[in-house]
Structure formats: structure tokens, C-alpha cells
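**Q** Got a sequence here, can you build the structure:
(2 chains)
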2 protein chains.
Amino acid sequence: MKLEDLIIQIKNKNSFLCVGLDTDIDKIPKFLLNEDDPIFSFNKSIIDHTNKYCVAYKINTAFYESHGVNGWESMKKTIDYINDNHPEIFTIADAKRGDIGNTSKMYAQSFFTEMNFDSLTINPYMGSDSVKPFLEFKNKISILLGLTSNIGAEDIQLKTSNGDFIFMEMIKSSKLWGNHNNMMYVVGATKTDFINKIRSEIPDHFLLIPGIGAQGGDLIEVCKHAFNDNIGIIVNSSRSIIYASTDDDFAIAAANQAMILQAQMSAILSERK
Amino acid sequence: MKLEDLIIQIKNKNSFLCVGLDTDIDKIPKFLLNEDDPIFSFNKSIIDHTNKYCVAYKINTAFYESHGVNGWESMKKTIDYINDNHPEIFTIADAKRGDIGNTSKMYAQSFFTEMNFDSLTINPYMGSDSVKPFLEFKNKISILLGLTSNIGAEDIQLKTSNGDFIFMEMIKSSKLWGNHNNMMYVVGATKTDFINKIRSEIPDHFLLIPGIGAQGGDLIEVCKHAFNDNIGIIVNSSRSIIYASTDDDFAIAAANQAMILQAQMSAILSERK
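**A** Okay, the predicted model is just below:
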């Protein structure tokens, strides 16, 4: 998918919501455990009920890998289901990959070609030659960790070097490896103090913002700092949507949570015009 | 596996060689493509012929993931084959994972429990709470990226902060999260200038050293700087062993390359005594 198709979708749906499919076998409704593939069955219902409110789905690969080969099958069925039924929706493999060049190329083949995700999150700690192989794939978007929302961000990302934070040094370098059409950055919603700073460095890049909901970020505050002329953000919510209920009504409860977030987004967008 | 079992194996075999199973369908002998699972068939032959010379196998997960679900099946068959036939050999999932706490826990379950690897490489860029979930698994070893051998190491790892390199700041912090029994560090063999510095900071931790062979590191030089009282290193070679020949004799050629490296290691060890 091209970035411009995502922007059109955001404007059509009045939404910049991403639903995170962090699907945990221990948290899904118990009656689904009788299905052949409970994780896929859960995802399918969530997708069927939330797709009109969101512009993206983010699959957290760890939750699938924890079930080994079977988990990768559930992941493949899920991405295929989205691509077959909702090809307009932007898909994100939240896999945080990155390695030396020939290995990064293999990861790119895995998620961009074999699995056919539109985008992939990338850990940039190994630097330029670990990221560039991902950028060679046409109509695919590499989403680099910009600044994460967890406490451990202090250990490396928030150290200072040459008078600026390491994460800012990384953004300054890495923005030159690609462009705003093939790169985005992950920026934690709990870090609004830093979003202005990031926006002034990369005014045109989209930001993927997790941490609304379970992680405590505030939507209005985030939008105030992070919007650009093309909206420029995708806001992810996982647990507060997909586990809104663990009963028979889980998919309707998830739809309702997604609908509320979309309505909040629509209100923010209309006030902006 | 406990670290002490790895140390015993190193002393028994006079080897600290790790064979890297970076198995690429485009590089294995063509006649194997007729097999049901060419990647597993290749690995099985390599393992059958090299196991007496090495103390560890390192599976580079990217090469398997590039084939999606089938690739994960090949990976599972490979790790099961090693565990079933050579339980004394130390196994490494070179996956460079790391994410917020609940996600890192899922990756740990994947590689430590579901796949039953002895160890996993971890990208520490997200800091303490992204690493600690891995350390909670008993008799498993977390191998953090210390300093990588690629050019991109300059972009973050070799920046300076508080008068020291970022990678050193990371080692100083992270060594307190666990201990030398449940943590190791990846240090590129091309970075001998830095190995002394790393050794003085973490005298007791094992180092996993890739980059001998295809990446140009020198074995004697590496050992001079990196050995500790328990040897303290595992040296990985991938391409120069497993692709020593791409003909019918590939497994014998691989065994010969592994034997030569083991003989070099044995010589270095005997001169040390």
C-alpha cells in the first residue's frame, strides 16, 4: 500500500485508529477454545466488527510466536483474512526486527513478501545497514522505533549525546535513509513532552502511536502535538478494545470501544478544520 | 542448560565453536530441493557431520521466517533434532527480540518454552523492562547485543554519552539486571579494539562472537582479548562452514571447515595452559 492510500482512508473514515491484535489465548472468551484455531476465530470476529472504525490492524508477532508453528499459522490466516476482505486497511507487523544487512533482507522478505504486510516495525539499534534493506521494498513502509513508552526508554533512548537525546540523534540520521513515503516512527503516547520536538525534526513522517488506553496516553493531548497537514498519525489501541468483554458479546463490546475512539477522533478532526 | 554444562562441554571438546545455521534455500545444494523439507534436510546433514567439533548451534530465525509457516516448521524440526540427538549442545535462537514487558514475556515463551532453545539473542534498545522478562526463565540464557560488527554500529552503539560509548553504558546498566549465569553479550569479532574494554567491565560473562570467517574477524586476536578463566567465549561461524561446498560433498566440506576451526581453537587452548 502507498502512504497516500492510507491518508485517503483516514479522511474517508474520519479515523486514524489502529486496532492491535495482541491476541492472548489466556484472555480470549473461553467458549472459543473449542474452535479449531481459537486465535484466528477471535481475530476474525474482532476484524468483522471493528473494520469500519479503524484504518489499520497491528499484529503483535510475539503473541503468535508464543504458540510456535501453530501461532504462525494463526498469524498467516489473520493477515490473509484482512488482505482478502479489507484490502484498503493498512496492516502492520509489530515485530521489531533488525539485524545485519543480509539478515534484515530475510526479515523483509518474511513480512513484506511471504506474509504480505504493508508495514513492519523495526528496531534501529544496529544502525543504517540494518534498516536500509527494508526500505528497498516498493510500496511497503518501515516503522522505526522512535521513542518507546516504557520505563526502559531511559536506559538508551533517553541518554544524551552531542547535546541531544539518543532517540533524536537516531531520528536525525535515519530520516535520511528513506523518506516520509516509506518510513514512519513509533512514538509512545505517554511521551507528549517529546512529540513537539520529534515533529519539528520530521514534520512529514507519519507516527505510529501506541499507548492510548491500557498504557495511559491521552488522545486529545497526543493529537495537539502530533498532527501534521496529512493528520500524520495512527493511534493504536489493543487491550482496551479487544478485551472489552471476555463473554459471548466480546466482538460487539470491541466494536463499541472502537466506535467510541473513532467518534473521539472524528470530533478532534472536525474541530481542526 | 546451565552455563556450567556449556563450560564442561568446551573443556571436553577443546572447542568453543558455534556453527551458525543461516540456511538459505538459494545457497544449499540443488539436489536437496527434491526433498520434502530441503532446509531441514540440509541442517540435519550439517548437524550430523559437525556436532563433534562444535559446542553450539545458532539458528538465525530470519532465514526460517522468510518462508513463513513452513520456515517455522523447518526451524522447529531443526531444534528438536538437535535436542533429541545432541542434548549436550548449547542452542541459540538468534532472533534479536525485545519489546515492552508483556510482549517480551511472549517472545521468551516462544523460544525458551515452545521451541526449547537454551538461549536467545536480545536487542536491548528498549531497556531494562524489555529484557528482564527473559531473565525469569530458569536454566535459559539471554544474550544481549553488546557491540555489533556492522558499519551501522556507529549510528547508536558507538555514540558517546557521559564520556563513554552507548554500548558500554548499556553493558554497565544491563549487567545488573541478571548475572553471568543467565546473561551473555554479542560482541562482533571485527571490534577487537573494544573487547578489552568490555572484558574489564564484565570479566565473568560469556561473549558470543560472530564475524569469524565471512565477516573478517581474526580468531587468535579475538581470543587474546576475550578469554577469561572459563574461556568465556563462543565463536560463531556460519557461511564459511555451511556453504564450504554447494555440491554433493557439502556436509563433508562443512565438517572439514568445522574441524579446522576446532583444531585452531584446540591449539589456542593448549598454548594458554
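**Q** How are the helices of chain A distributed by residue range?
**A** Here chain A has its helices, by DSSP state H, at A:3-13, A:38-50, A:61-65, A:68-85, A:101-108, A:128-135, A:166-174, A:192-201, A:219-226, A:239-242, A:250-272.
**Q** OK, contacts around the residue nearest in space to the middle of chain A?
**A** Compute the mean C-alpha point of chain A, and by C-alpha atoms, centre = their mean the closest residue is residue A:58, 4.8 Å away. Shown in contact with residue A:58 (C-beta atoms under 8 Å, 6 or more residues apart in numbering or on different chains): A:18, A:19, A:20, A:21, A:91, A:92, A:94, A:208, A:210, A:236, A:238. For every residue, glycine as well, the C-beta is placed using N, CA and C.
**Q** Apply 6 Å and report the result again.
**A** Listed by C-beta atoms under 6 Å, 6 or more residues apart in numbering or on different chains, the contact set of residue A:58 reads A:18, A:20, A:92, A:94, A:236.
**Q** Who is the closest residue to it other than its chain neighbours paired with across the strands?
**A** In space, and not counting its chain neighbours, residue A:58 is closest to residue A:92: 4.1 Å by C-beta to C-beta, 6 or more residues apart in numbering or on different chains. With DSSP bridges applied, residue A:92 shows beta-bridge pairing to residue A:58, residue A:119.
**Q** Tell me the buried residues in stretch A:2-22?
**A** Using 16 or more other C-beta atoms under 10 Å in any protein chain shown as the test for burial, stretch A:2-22 gives A:3, A:6-7, A:9-10, A:13-22.
**Q** biggest separation within the residues you listed, which pair?
**A** A:7 and A:22 (25.9 Å; C-beta to C-beta).
**Q** Which residues of chain A lie near chain B?
**A** A:62-63, A:65-66, A:68-69, A:72-73, A:76, A:96, A:99-100, A:103, A:106-107, A:109-110, A:114, A:123, A:125-130, A:148, A:150-153, A:155-156, A:159-161, A:170, A:173 (C-beta under 6 Å from any C-beta of the partner chain).
**Q** Contacts for stretch A:102-112, please.
**A** Here stretch A:102-112 makes contact (C-beta under 6 Å, 6+ apart) with A:93, A:97, A:117, A:120, A:130, A:133-134, A:137, A:140, B:62-63, B:65-66.
**Q** As TSV, these with distance to residue B:250 would be great.
**A** Formatted as TSV, the contacts of stretch A:102-112 follow (distance: C-beta to C-beta, whole Å):
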residue	distance to residue B:250
A:93	33
A:97	29
A:117	34
A:120	33
A:130	29
A:133	27
A:134	31
A:137	31
A:140	34
B:62	21
B:63	16
B:65	23
B:66	20
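**Q** could you dump the residues you listed to CSV with pLDDT, distance to residue A:182 and neighbour count?
**A** As requested, the contacts of stretch A:102-112 are exported to CSV (pLDDT from 0 to 100; distance: C-beta to C-beta, whole Å; neighbours: other C-beta atoms under 10 Å in any protein chain shown):
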residue, pLDDT, distance to residue A:182, neighbour count
A:93, 98, 15, 24
A:97, 98, 16, 27
A:117, 98, 14, 27
A:120, 98, 11, 26
A:130, 98, 16, 28
A:133, 98, 12, 21
A:134, 98, 9, 27
A:137, 98, 8, 17
A:140, 98, 7, 20
B:62, 98, 20, 25
B:63, 98, 24, 27
B:65, 98, 21, 25
B:66, 98, 20, 21
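**Q** Now the residue nearest to residue A:113 when sequence neighbours are not counted. Its backbone dihedrals?
**A** Nearest in space to residue A:113, with sequence neighbours left out and distances taken as C-beta to C-beta, 6+ apart, is residue A:137 at 7.5 Å. Reported as degrees, to the nearest 10, the phi and psi values for residue A:137 are phi -90, psi 120.
**Q** got it, and the one 3 residues further on?
**A** Its backbone dihedrals place residue A:140 at phi -130, psi 150, with angles given as degrees, to the nearest 10.
**Q** so which of the contacts of residue A:58 comes closest to residue B:254?
**A** Checking the contacts of residue A:58 against residue B:254 with C-beta to C-beta, the nearest one is residue A:94 at 36.4 Å.
**Q** how about the helices of chain A in TSV, adding distance to residue B:31?
**A** TSV is the format used below for the helices of chain A (distance: least, C-beta to C-beta, whole Å):
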stretch	distance to residue B:31
helix A:3-13	45
helix A:38-50	37
helix A:61-65	32
helix A:68-85	26
helix A:101-108	23
helix A:128-135	30
helix A:166-174	43
helix A:192-201	53
helix A:219-226	55
helix A:239-242	48
helix A:250-272	50
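**Q** So for residue B:52, which of these sits nearest?
**A** That would be helix A:101-108 among the helices of chain A, by C-beta to C-beta, at 27.6 Å.
**Q** still on that earlier bit, looking at the contacts of residue A:58, which two lie furthest apart in space?
**A** A:18 and A:94 (9.7 Å).
**Q** Distance of the nearest residue to residue A:203 once chain neighbours are set aside relative to chain B?
**A** Residue nearest to residue A:203 in three dimensions, not counting chain neighbours: residue A:228, with 5.8 Å by C-beta to C-beta, 6+ apart. Counting by C-beta to the nearest C-beta, to the nearest Å, the gap from residue A:228 to chain B is 25 Å.
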